[in-house]
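Engineer: Here's my sequence, what's the structure:
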Amino acid sequence: MCVSPNQEQKTAKPQIGGSHLPIVGECRSHMMTTTSKFTFCASINYNIHMTFLRLLAYTLLSLPLTALAIDLQPNDIVAPLPGKNHVMVSYVNTDNSTFYKNGSALGSTRSTRQYANPDIGTQSAILRLITSYAIQDLPAVSYLQLPYGSIKPAGSLAMYPTDTGIGDLTVATAIWPYHDRENRRYLGIAGYLTAPTGSYKSQQPFNVGENRYKSDIQMGYQQPIIGDLDGMIAVDTMWFGGNSQCAAACLSATNTSLTQKPLTTTQLGPIYKINQTYTIGASYFYVAGGATTIGNNYQNNVVNTQRYLLSALAYYPFGRISLQYGRDMEIKNGFIEDRRFIVRYTTEF
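Structural biologist: Now for the predicted structure:
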């Protein structure tokens, strides 16, 4: 199911933050004494600065959440044949822009001018080693996955540096308690564990690694609808370990704790087999939960995101090539994802 050669774990977006923040806005005053004008301007700038800090902290904790789903590709829920080994190499490119808080876009007021033109781009190369086998006649598959990538802020966030490095290692295993190849009906269950092996510095605003463990349980089902058209549905919940070294991303001069509530994703969509070479699919995702707490302060930044992903797969004698494109359709909190483009190559060895 979720860990077949087709499956792609959506790469988590690294945390972002910073301690050297500009004063936003311009203060103008008429008919004031020098002292009163200075006091008035200082008060306005301080309030703007503190409002920006609160919004930025809100942003830092919302940004990674929108990318923590386990995305299934067409036919990931189809049970694999045992005794096969594959390697998959993926290139993932994403771009995020407008920031939303409680469903409203920010950037039009003085206190939120920092969000007037944000742009966050990520690129990653992902290596996955996959093996399939049987457990008491039940199909099963396991993989190891290691990403290498970068995250680059631009636009109104250009003051923050780019981060590049190795990401966190993921280990996954799936088993199919029900598989009917003749009638194309499959039920799979998978478990994922991500370890904090990636690049991470608590005083650095952007990090490729997250410095925390993550685990996920997923269940998926696929069956024919009509002819060569199948339908799939999957639900997964992700749990997060704590990060006791959250400084810049938590707007703290020293390390503090970051905890996060579980995040649940539901995905469904059609899969159409055009012929023996080409298959296409479309998926709708609904992601909810995942609010965070810094120290003892609940951030009230729950995720509520709807998005889509279009897929095209081609099977050739030398391997399988897949192209995918998607984006957010609606978002409650965080930077909206304007583009997600993925190219993958899988071959047996």
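
Engineer: so who does Trp176 touch?
Structural biologist: By Cβ atoms under 8 Å, 6 or more residues apart in numbering, the residues touching Trp176 are Met1, Ala79, Leu138, Pro139, Ala140, Tyr186, Leu187, Gly188, Ile189. C-beta here means a position set from N, CA and C on the backbone, and glycine is covered the same way.

Engineer: if we go to 7 Å?
Structural biologist: Listed by Cβ atoms under 7 Å, 6 or more residues apart in numbering, the contact set of Trp176 reads Met1, Ala79, Leu138, Pro139, Tyr186, Leu187, Gly188.

Engineer: what's the burial count for the nearest residue to the fourth one once chain neighbours are set aside?
Structural biologist: Spatial nearest neighbour of Pro139, chain neighbours left out: Ala79 (3.9 Å); criterion: Cβ to Cβ, 6 or more residues apart in numbering. Ala79 is surrounded by 24 other residues when neighbours are defined as other Cβ atoms under 10 Å.

Engineer: ditto for Asp180
Structural biologist: Asp180: 11 neighbours (other Cβ under 10 Å).

Engineer: How about it: which residues does it bridge to?
Structural biologist: As for beta bridges, Asp180 partners with Arg185 under DSSP bridges.

Engineer: Toward the C-terminus, what is the element adjacent to the helix or strand of the chain with the lowest mean pLDDT?
Structural biologist: Every helix and strand in the chain was compared by mean pLDDT, DSSP states H and E; the lowest is helix 34-62, with a mean of 46. Proceeding N to C from helix 34-62, the next assigned helix or strand is strand 70-71, under DSSP states H and E.

Engineer: In terms of secondary structure, what does that following strand contact?
Structural biologist: strand 8-9 (3 or more Cβ pairs under 7 Å, 6 or more residues apart in numbering; DSSP states H and E).

Engineer: let's see 6 Å
Structural biologist: On a contact count with 3 or more Cβ pairs under 6 Å, 6 or more residues apart in numbering; DSSP states H and E, strand 70-71 meets no helix or strand.

Engineer: Could you number the chain from 543 rather than 1 from now on?
Structural biologist: Let's use 543 as the start, then, which means that last one is strand 612-613.

Engineer: one step back: with the contacts of Trp718 in mind, which one is nearest to Ser799?
Structural biologist: Ser799 lies nearest to Met543 out of the contacts of Trp718, by Cβ to Cβ, at 34.1 Å.

Engineer: wait, isn't Ala732 in contact with Gln760?
Structural biologist: Yes: when contacts are counted by Cβ atoms under 6 Å, Ala732 is listed as touching Gln760 (4.7 Å).

Engineer: Quick check: bridge partners of Lys643?
Structural biologist: Ser646.

Engineer: neighbours around it, how many?
Structural biologist: 18.

Engineer: same deal with Thr801?
Structural biologist: Neighbours of Thr801 using other Cβ under 10 Å come to 18.

Engineer: Tell me which other helices or strands the helix or strand that contains it touches.
Structural biologist: If you go by DSSP H and E, Thr801 is part of strand 798-802. With contacts taken as 3+ Cβ pairs under 6 Å, 6+ apart, strand 798-802 sits against strand 785-788, strand 834-836.

Engineer: Try it again at 10 Å.
Structural biologist: helix 576-604, strand 771-782, strand 785-788, strand 834-836 (3 or more Cβ pairs under 10 Å, 6 or more residues apart in numbering; DSSP states H and E).

Engineer: Not counting its own residues, what contacts the helix or strand following the last one?
Structural biologist: Read it as strand 834-836. Downstream of strand 834-836, the first helix or strand assigned by DSSP H and E is strand 839-840. Under the criterion Cβ atoms under 10 Å, 6 or more residues apart in numbering, residues Ala599, Cys792, Thr798, Thr801, Lys803, Ala833, Thr834 lie in contact with strand 839-840.

Engineer: Parallel or antiparallel, list what pairs with strand 839-840.
Structural biologist: Partners of strand 839-840, by DSSP bridges, with direction: strand 834-836 (antiparallel).

Engineer: The partner strand: how far from the chain's middle?
Structural biologist: 18 Å (Cα atoms, centre = their mean, to the nearest Å).
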